[in-house]
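Asks: Need coordinates for the below:
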Amino acid sequence: MLCEKGAGVAAPFTGDEYTLRKGWHFGRRIGLLGMKMSHPAESTLVHPHAPALAEDLHPHPRARARRKPLASDLLIAEKAKKPAVFTLENLKRDALAGSITGLLAVPLTVGICLMSEYPIETGLMTVIFACVIGFITFLFKPGNYVGTPGVAAGLAPVLAMSVHKFGMENMPFLIFLTSLSQAIAWKFNLQRFILKAIPSYLIEGLLAGIGLKIALKFLPYTYGVLHETHGHEWLSLERMEIIALSFGALLLFLHLFAKYKAKYPAIPYVAVIIVGIVSGIYLELPMLHIEHTPIKLALPFPDFAKMPPAMLLEIFGYAMMLSLIDVIEQVTSNSAIEKLDPLGRPANTNNSLLAIWIANMGSSFFGGMTNLDGLAKSATNALAGAVTKLSNLFTALVLLVFLLDPHLLEHLPYFSLAVLMIFTGWKMIVGLTHVAAHGSYPLLLALFCGILTYTVGIFEGLIVVLGIHLFIHFVIFRHEHMPWIEMLKKFAHRFGDEVDPRSTETLRVHRDHEVGGLRYSTVSHNAAEKKTLDEFINDWAFGVNTHSLPAVVGCYDMSGLLWGTFAKELREGHHKIKGYFEHLFELEDVHVEFKNGEVRQYGGIYIQSGKYVFTFKRKKELISVPARYSFVCKKEKTGWFILEHHSSEFPA
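Replies: The predicted model follows:
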């Protein structure tokens, strides 16, 4: 850990915590130490209690004139223990957002029920119940603030396998065991160990395999007809008609999704459903058929006397698998929902797990399914203007209409549902593109995990790939003649502290339980592990290319200087440097590539100068900005740091 120069108080020196903790810790110590903050945190009206608290902590007069919310203000709002403000204005916004999300949730729920081989009415009831529970738990333990629960697409193949293996009569017991394991995980906060045990790229591979199962399951609906023929007459006029409709609906969806995904993500889903309904009026198409299944309350326990012990053990295994995938998907959704939150409020995965297990346990009493905060529905809810989980109640009301009169759904043709579900599966598959940035080994392992998940099974595939991953690391450690005790230390360190996924080899990120913010610190290496200047500069470039603020800002010295390529002023210190890169990362798909460079050394100071090229997209056109740079760096025991960084475009 380093201290701010002249402060005399230990403080984290990199990234967000410099902002977060300056707002709380330093402000709290002003009266005791008589210090002045060099960069006073800015106050903003983000919470009913935030103005008073922020005013006490940041009395600087200039702070009141600023409007842009900072992480420090949001942290103070979070400390006030009030999850949201239920005002008339927010009620209107939540009502509109929840209703729009409900229209999106209907076809997605129907599609997932078809994939899971569950009654559609049961799926609708599951989502309604989960929305109510999500709102109630939000009042005292909010996980996220604008997420919308629903039946999980990632669990659909597992549920379908379970129905075939154990029968529908044993499914309530399976869901009950799943919720029980999630309750234990919530009580002891075990979800953090799951995420440490399974690398993120294996999670992407797992989801890709599941996505492939979903897409191929619904593919036949895009060419299925009412009057099946065989032989040379397979490609009949009726089949060509449904193929053309499916292809046209998919093109329409992709066009609208690309155009409106950032502001109105529900539009492409609603448009495809409308096209399907209109087509069903004028054409003879395979339509959704609803078999009425009454909702009955009953204890979720089977007749254990008639259940073989082997089946009981298998049910326990499947419950663990459902629980694992549920937690993984919820964490993935929470990280995205956190970014979509209109007030930037942090998500708490363990609190989200509370809502999940209560809803799952309750649904087991009426034969329901598993749930989580789905990303598509949550993104729609947030971008439609939701402020609180009150929107969930309006989503539940929309679904209640179709639960009370399920025959309304029979106006939906199968091909329109297939288009939506194929796209859902495709989104899970293309998540593998994020793995490519980690290198060839993670990409190959993720691909292998996806293939095994699709061909062998979800749980089996994940276990096999994890075993291969551990064996490869064991061989590498033994090749490096690493003692057994060192291997055990590495393993214990991985599980011993709450490490944030944004941590890198040179930057450690973890949760500060005292203030609820993030703590950033450099990782100290021994002499053999220290990086070269080229490797350090590559770390900086990797942070830029992955749009990781902590990784980039952590490369600079506490009082480092930055004159950015696109900047109009010189910036000093992490707080202002972070602001520059926040604006830089607003450019679409911004990347940097180094072309050449020369290094000069003057004592402990290293200067690297050369040329690099920034690229980004503007209205789908790739823009290249060649620039010249100079990095003035120093090497300390804790690693490399940038003292000064100058960059400017080449003259036209």
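Asks: Quick one: the helices in the stretch 251-400 of the chain, in order.
Replies: 266-282, 309-340, 349-363, 375-383, 391-404 (DSSP state H, counting those that start in this stretch).
Asks: Which one, of those, ends up nearest to I623?
Replies: helix 309-340 (24.2 Å; C-beta to C-beta). Where C-beta positions appear, they are placed from N, C-alpha and C, glycine not excepted.
Asks: Same question for the closest one: list its buried residues.
Replies: Residues 312, 315, 318-319, 321-334, 336-338, 340 are the ones in helix 309-340 that count as buried (16 or more other C-beta atoms under 10 Å).
Asks: Same question for stretch 179-192.
Replies: S179, L180, S181, Q182, A183, A185, W186, L190, Q191, R192.
Asks: Helix or strand: which one has the second one?
Replies: For L180, the element it lies in under DSSP states H and E is helix 171-187.
Asks: other SSEs contacting that helix?
Replies: helix 156-166, helix 309-340, helix 349-363 (3 or more C-beta pairs under 8 Å, 6 or more residues apart in numbering; DSSP states H and E).
Asks: hey, least reliable of these by pLDDT?
Replies: With a mean of 84, helix 309-340 has the lowest mean pLDDT of the helices and strands packed on helix 171-187.
Asks: relative orientation of that helix and helix 375-383 in degrees?
Replies: 30 degrees (axes from the mean of the first three to the mean of the last three C-alpha atoms, to 10 degrees).
Asks: What angle do helix 171-187 and helix 309-340 make with each other?
Replies: Using the same axes, to 10 degrees: helix 309-340 against helix 171-187 is 50 degrees.
Asks: Could you export the helix holding L180 as PDB, CA atoms only?
Replies: Output of helix 171-187 as PDB, limited to C-alpha atoms (Å, rounded to 0.1, in the frame of the first residue of the first chain):
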ATOM      1  CA  MET A 171     -39.600 -32.000 -10.100                       C
ATOM      2  CA  PRO A 172     -41.000 -30.100  -7.100                       C
ATOM      3  CA  PHE A 173     -38.600 -32.000  -4.800                       C
ATOM      4  CA  LEU A 174     -35.700 -31.200  -7.200                       C
ATOM      5  CA  ILE A 175     -36.500 -27.500  -7.100                       C
ATOM      6  CA  PHE A 176     -36.900 -27.700  -3.300                       C
ATOM      7  CA  LEU A 177     -33.400 -29.200  -3.000                       C
ATOM      8  CA  THR A 178     -32.000 -26.600  -5.300                       C
ATOM      9  CA  SER A 179     -33.500 -23.800  -3.200                       C
ATOM     10  CA  LEU A 180     -32.200 -25.400  -0.100                       C
ATOM     11  CA  SER A 181     -28.600 -25.600  -1.400                       C
ATOM     12  CA  GLN A 182     -28.900 -21.900  -2.500                       C
ATOM     13  CA  ALA A 183     -30.200 -21.000   1.000                       C
ATOM     14  CA  ILE A 184     -27.000 -22.600   2.500                       C
ATOM     15  CA  ALA A 185     -24.900 -20.800  -0.100                       C
ATOM     16  CA  TRP A 186     -26.600 -17.500   0.900                       C
ATOM     17  CA  LYS A 187     -26.200 -18.000   4.600                       C
END
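Asks: please begin residue numbering at 766 from this point
Replies: All set: I'll call the first residue 766, so the last point we hit is now helix 936-952.
Asks: Touching it from outside, list them.
Replies: By C-beta atoms under 8 Å, 6 or more residues apart in numbering, the residues outside helix 936-952 that reach it are 924, 927-928, 931, 955-956, 959, 1063, 1065-1067, 1080-1081, 1083-1085, 1087-1088, 1091-1092, 1115, 1118-1119, 1121-1123, 1125-1126, 1128-1130, 1132-1135.
Asks: where does A925 sit relative to M1134, distance-wise?
Replies: 11 Å (C-beta to C-beta, to the nearest Å).
Asks: Identify the contacts common to the two.
Replies: S881.
Asks: neighbour-wise, which of these two wins?
Replies: M1134 (28 against 17; other C-beta atoms under 10 Å).
Asks: Contacts only, for the more buried one.
Replies: C878, S881, Y883, T887, G888, T891, V916, A917, L920, L924, I940, S1128.
Asks: Lowest-confidence member of those, which is it?
Replies: Ranking the contacts of M1134 by pLDDT puts A917 at the bottom, with 80.
Asks: what about I1228, helix or strand, and which?
Replies: helix 1223-1244.
Asks: if we can go back for a sec, now the helix holding L945 against helix 921-931, angle please.
Replies: Using the same axes, to 10 degrees, helix 936-952 lies at 130 degrees relative to helix 921-931.
Asks: Hey, what's the angle from helix 936-952 to helix 1114-1128? Just curious.
Replies: 160 degrees.
Asks: centre of the chain versus helix 936-952, how much separation?
Replies: How far helix 936-952 lies from its chain's middle: 23 Å, per C-alpha atoms, centre = their mean, to the nearest Å.
Asks: Please state the backbone phi and psi of K1399?
Replies: phi -130, psi 150 (degrees, to the nearest 10).
Asks: right, and it touches W1405 too?
Replies: Yes - assessed by C-beta atoms under 8 Å, K1399 is found in contact with W1405 at 7.3 Å.
Asks: Past the helix holding L945, which element shows up next along the chain?
Replies: Counting by DSSP H and E, the next helix or strand C-terminal to helix 936-952 is helix 956-962.
Asks: Please name every helix or strand in contact with that following helix.
Replies: helix 1074-1105, helix 1114-1128, helix 1249-1261.
Asks: Repeat the analysis, applying 6 Å as the threshold.
Replies: Under the contact definition 3 or more C-beta pairs under 6 Å, 6 or more residues apart in numbering; DSSP states H and E, helix 956-962 sits against helix 1249-1261.
Asks: which non-adjacent residue is nearest M890?
Replies: I1060 (5.5 Å; C-beta to C-beta, 6 or more residues apart in numbering).
Asks: Could you do M1126 as well?
Replies: In space, M1126 is closest to S944, 3.8 Å off (C-beta to C-beta, 6+ apart).
Asks: what's the residue nearest to M890 sitting at in phi/psi?
Replies: phi -80, psi 120.
Asks: and it, how many neighbours?
Replies: By other C-beta under 10 Å, neighbour count at I1060 equals 13.
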